[in-house]
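Engineer: predicted coordinates and the sequence they were generated for:
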Amino acid sequence: MGKRQQILFLVSIICTSLVAGGFFHSCRKESKTSGHLRLIVFSDIHYLAPGLMTKGKTFDRYQIASGRLAEASAPLWRIASSQILNYPEDIVLICGDLSNNGEKQSHVEFAQSLRELERAGKRVFVVPGNNDIQNPRAEAYRGDTLFPVPTVNKSEFVSIYAEFGYAEAIARDSSSLSYVTRINRHNWLIVLDLSQYDPATKLTKGVVKQETVDWIAQQLDKARKQKIRVIGMSHYGVVEHFDKQKNFFPTSLVEDHRSFANFLADKGVNILFTGHFHAMDITRFTSLNRNELFEVETGAMIASPFGFRRIDIEGSKVSVFTEKLPEDQRISSIENNPDSLYHKLMIKTCVSLLRRPPYSFNELLSELTAPVVAGAMIAHYKGDEKPNPSVEAIIRMLKSLNVKTDMEYLHSLYLDLPPGDNRVILELPEE
């Protein structure tokens with residue numbers, strides 16, 4: 001064999017090895033949006049450690065006040081975490097409110113379940129929600145009594161969930177629990193902690209500190225220079241999902257949400273996964289500079305429709321599928337139908353809500369109105385909602401009785417903003 005033939009033979013062997021090892025790439029230029037990603041997205045698990053709960057009057061009052069089917073949180077999560085092992089998606093995002101009310105025991109148990117997912121081959125990333133840290137309502141329920149239990153501070157949260165984003169972060173914000181992690185060589189995940197915890201008022205709200213905005217800008221500028229696509233995750237939403245959402249539900253979105261949405265869109269975040277409002281809903285936002293941001297909100301594990309998202313991102317195309325927990329497993333897990341339980345719970349919650357300011361309805365009026373309000377909320381939670389004639393009837397009745405309270409949000413909940421919510425293909429901008 002001549003020298004030239006030997007060289008060609010050697011080159012042929014090297015190229016064959018590279019192809020077999022998956023390292024041989026075509027010479028075409030890769031775009032920022034190249035790279036195939038498959039994700040599973042959960043939100044608002046509200047996991048309550050079973051050892052902290054026994055049924056009784058106190059626990060029933062808590063579920064009505066919160067509108068959460070807390071009794072089902074642990075069994076439904078067991079079904080969900082087992083179900084996703086059957087899917088090929090290897091990345092799991094959880095958009096906050098991991099625990100019910102920040103109980104340390106709930107966090108520790110939930111983190112252990114996430115370790116089991118990672119041992120099975122999944123990569124899990126979390127962000128804290130408004131209920132997860134320094135929560136003065138961390139309580140255990142024993143029949144007709146309740147008592148406080150330890151919650152967690154920020155450093156304890158990071159310690160408990162270190163394996164699920166924080167330990168592998170390539171950048172962390174010193175002003176919040178936000179971080180950036182590398183999913184693969186084409187994609188980063190920026191995790192935005194937008195929850196402000198105020199021990200003085202015992203209230204939480206969605207706030208973006210200027211220091212965090214500056215940090216986010218630095219990370220997104222780095223990504224743009226390296227032609228990296230950045231996917232966002234937060235607990236709080238930054239985009240309204242129905243008309244005047246911020247007016248009717250002030251704490252449902254981050255403060256100054258429109259400005260922050262403009263900032264993210266213009267900095268190159270085209271898709272943001274969120275939770276908090278417990279709804280399966282997607283909304284398209286266009287910034288003043290004509291840049292688009294899709295906010296994909298995922299519903300709660302303790303609320304109808306008891307589901308999660310499966311996301312397939314290939315190039316600029318994002319396929320979104322909503323999956324529900326199998327009905328037979330849901331029923332057997334709590335020896336009842338959670339859909340029926342949740343519907344009854346939401347009616348009781350709405351009766352309680354309507355009896356208080358700013359509504360202050362009497363008993364009869366609240367009981368007449370509550371099923372319609374509960375129906376509107378559940379319809380929005382399920383996504384792809386359609387207008388409901390009963391809403392018009394209840395609003396006419398309230399007006400005929402000279403009720404001054406504004407109930408126009410019932411219209412808004414049924415008017416689904418584009419695009420669709422549960423089974424849809426989104427087109428991200430090409431770079």
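Structural biologist: Cool, the structure landed.
Engineer: what comes up buried for stretch 322-332?
Structural biologist: For stretch 322-332, a neighbour-count test (16 or more other CB atoms under 10 Å) marks T322, E323, K324, L325, R330 as buried. Yep, even glycine has a C-beta here, placed from its N, CA and C like the rest.
Engineer: gap between the first one and N422?
Structural biologist: The span separating T322 from N422 equals 4 Å under the rule CB to CB, to the nearest Å.
Engineer: for the second one, same thing?
Structural biologist: Relative to N422, E323 is positioned 9 Å away (CB to CB).
Engineer: got a markdown table for the buried residues of stretch 322-332, with pLDDT, distance to Q134 and secondary structure too?
Structural biologist: Putting the buried residues of stretch 322-332 into a markdown table (pLDDT from 0 to 100; distance: CB to CB, whole Å; DSSP: H, G, I helix; E, B strand; the rest coil) gives the following:
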| residue | pLDDT | distance to Q134 | secondary structure |
| --- | --- | --- | --- |
| T322 | 98 | 32 | strand |
| E323 | 96 | 33 | strand |
| K324 | 93 | 33 | strand |
| L325 | 91 | 31 | coil |
| R330 | 87 | 33 | helix |
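Engineer: thinking again about what came up before, hey, what's in contact with both of T322 and N422?
Structural biologist: When contacts are counted by CB atoms under 8 Å, 6 or more residues apart in numbering, T322 and N422 are jointly contacted by M280, G383.
Engineer: circling back: dump the buried residues of stretch 322-332 into CSV; add distance to A138 as well.
Structural biologist: Below are the buried residues of stretch 322-332 laid out as CSV (distance: CB to CB, whole Å):
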residue, distance to A138
T322, 31
E323, 31
K324, 30
L325, 27
R330, 27
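Engineer: nearest to A65 among these?
Structural biologist: R330 (23.6 Å; CB to CB).
Engineer: S340 is in contact with the closest one, correct?
Structural biologist: No: with contact defined as CB atoms under 8 Å, R330 does not reach S340; the gap is 10.5 Å.
Engineer: what's the closest non-adjacent residue to W215?
Structural biologist: What sits nearest to W215 in space, not counting adjacent residues and going by CB to CB, 6 or more residues apart in numbering, is D173, at 4.4 Å.
Engineer: that neighbour: neighbour count?
Structural biologist: Residues near D173, counting by other CB atoms under 10 Å, number 23.
Engineer: mean confidence for the helix or strand encompassing E211?
Structural biologist: Assigned by DSSP states H and E, E211 belongs to helix 210-225. Rounded to a whole number, the mean pLDDT of helix 210-225 is 98.
Engineer: so for the helix or strand immediately after that helix in the chain, mean pLDDT?
Structural biologist: For helix 210-225, the succeeding helix or strand toward the C-terminus, using DSSP H and E, is strand 229-234. The average pLDDT within strand 229-234 is 98.
Engineer: pull up the pairing partners for strand 229-234, direction included.
Structural biologist: strand 187-192 (parallel), strand 271-274 (parallel) (DSSP bridges).
Engineer: mean neighbour count and mean pLDDT added to these, as a markdown table?
Structural biologist: Below are those laid out as a markdown table (neighbours: other CB atoms under 10 Å; pLDDT from 0 to 100):
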| stretch | mean neighbour count | mean pLDDT |
| --- | --- | --- |
| strand 187-192 | 24 | 98 |
| strand 271-274 | 25 | 98 |
